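# Here's a sequence, model it:
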Amino acid sequence: MSGRVAGKVAIVTGGSRGVGRADAELLAAEGARVILTDINEEAGRAVAAEIGDAATFFKQDVSSESDWQSLVATVEKDFGQLDVLINNAAILEHGDILNASYDSWQRIFRINADSVFLGIKTALPLIEKSGGGSIINMSSSSALMGMPAFAAYGSAKAAVRGLTQSVAVYCHKAGKGVRCNSVHPDGIVTPMTMEMAEKAAGMNLSDPARSRAFVCQPQEVAKLVLFLASDDSRHINGAAMTIDNGSTITPPYV
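Residues are numbered from 1 along each chain as shown. Next up, the predicted model:
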């Protein structure tokens with residue numbers, strides 16, 4: 001490994017599985033010290049232990065402002081800096097506009113959108129104090145096109161995209177070396193998407209052949225996250241980075 005993020009300190013939310021785990025593993029392999037967070041303490045500690053000395057686990061409810069405050073205070077105390085914030089934690093629930101419950105809508109927004117607001121609001125001062133860095137918000141292809149079966153999820157991810165733009169312009173004007181971008185995967189094979197697809201359509205996505213056909217592995221998304229976390233992307237700010245094999249630009253008749 002080339003150490004593309006050597007010396008950097010990164011927070012990865014939802015780091016116990018899927019894209020968050022892949023992000024944490026790759027960033028650590030490339031030289032970063034990684035604080036991975038999750039509500040699932042057992043799974044999160046296991047991943048941190050597998051990664052080794054470069055990783056630390058912090059139990060966190062990303063929808064809790066006090067948890068964010070405790071996390072950032074701990075990072076500043078233990079590491080003295082924060083260079084990368086990856087807002088990855090999310091939940092996925094099926095429901096169109098008529099069938100989705102208001103409780104589900106609020107729950108999805110708390111985890112998928114409110115958490116990103118809280119994370120940036122709490123961590124940005126430390127990133128600025130550290131000399132600048134990168135905020136990476138995990139959005140979705142559903143933020144860029146209509147997905148009626150996931151009304152709340154798509155809306156929350158669109159909110160993440162809108163917030164990313166606002167923060168990117170704010171950071172540019174502040175002139176303190178912070179950039180903020182969103183990542184928009186589609187057809188990604190994670191435990192969360194496999195569980196939802198199998199429940200909704202009876203698909204067995206754990207089958208290797210189906211998984212390969214389902215387009216994208218978490219490690220591929222992690223490579224894009226690594227680029228955005230590294231100084232190679234220092235002039236990229238406010239971008240919506242799709243990693244979808246063209247799905248968001250493919251007309252339905254093609």
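# The spatially closest residue to residue 233 that is not a sequence neighbour: neighbour count?
Excluding the flanking residues, the one nearest residue 233 by C-beta to C-beta, 6 or more residues apart in numbering is residue 227, at 5.4 Å. Bear in mind the C-beta positions are built from the backbone N, C-alpha and C, glycine included. Residue 227 is flanked by 17 other residues according to other C-beta atoms under 10 Å.
# hang on, residue 227 packs against residue 234?
No - the pair residue 227 / residue 234 is not scored as a contact, 10.8 Å apart, by C-beta atoms under 8 Å.
# Which parts of the stretch 1-150 of the chain are helices?
Counting by DSSP state H, counting those that start in this stretch, one finds helices in the stretch 1-150 of the chain at the ranges 18-29, 41-51, 65-79, 102-109, 115-129.
# would a markdown table of those with distance to residue 162 and mean neighbour count be doable?
A markdown table is the format used below for those (distance: least, C-beta to C-beta, whole Å; neighbours: other C-beta atoms under 10 Å):
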| stretch | distance to residue 162 | mean neighbour count |
| --- | --- | --- |
| helix 18-29 | 21 | 26 |
| helix 41-51 | 29 | 16 |
| helix 65-79 | 20 | 16 |
| helix 102-109 | 13 | 15 |
| helix 115-129 | 10 | 21 |
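# right, so of these, which gets closest to residue 217?
Proximity to residue 217, assessed across the helices of the stretch 1-150 of the chain by C-beta to C-beta, is greatest for helix 18-29 (8.0 Å).
# starting at the chain centroid, how far to that closest one?
For helix 18-29, the separation from the chain centroid amounts to 11 Å (computed by C-alpha atoms, centre = their mean, to the nearest Å).
# same check, this time on stretch 172-187
The chain centre lies 12 Å from the centre of stretch 172-187; the measure is C-alpha atoms, centre = their mean.
# ok, and for it, which residues are buried?
For stretch 172-187, a neighbour-count test (16 or more other C-beta atoms under 10 Å) marks 176, 178-186 as buried.
# where do the strands sit along the stretch 51-200 of the chain?
Secondary structure of the stretch 51-200 of the chain, counting by DSSP state E, counting those that start in this stretch: strands at 55-59, 84-87, 133-138, 178-185.
# and the first one, what does it pack onto?
With contacts taken as 3 or more C-beta pairs under 8 Å, 6 or more residues apart in numbering; DSSP states H and E, strand 55-59 sits against strand 33-38, helix 41-51, helix 65-79.
# Now do that strand against helix 18-29, angle only.
On the basis of axes from the mean of the first three to the mean of the last three C-alpha atoms, to 10 degrees, strand 55-59 is oriented at 140 degrees to helix 18-29.
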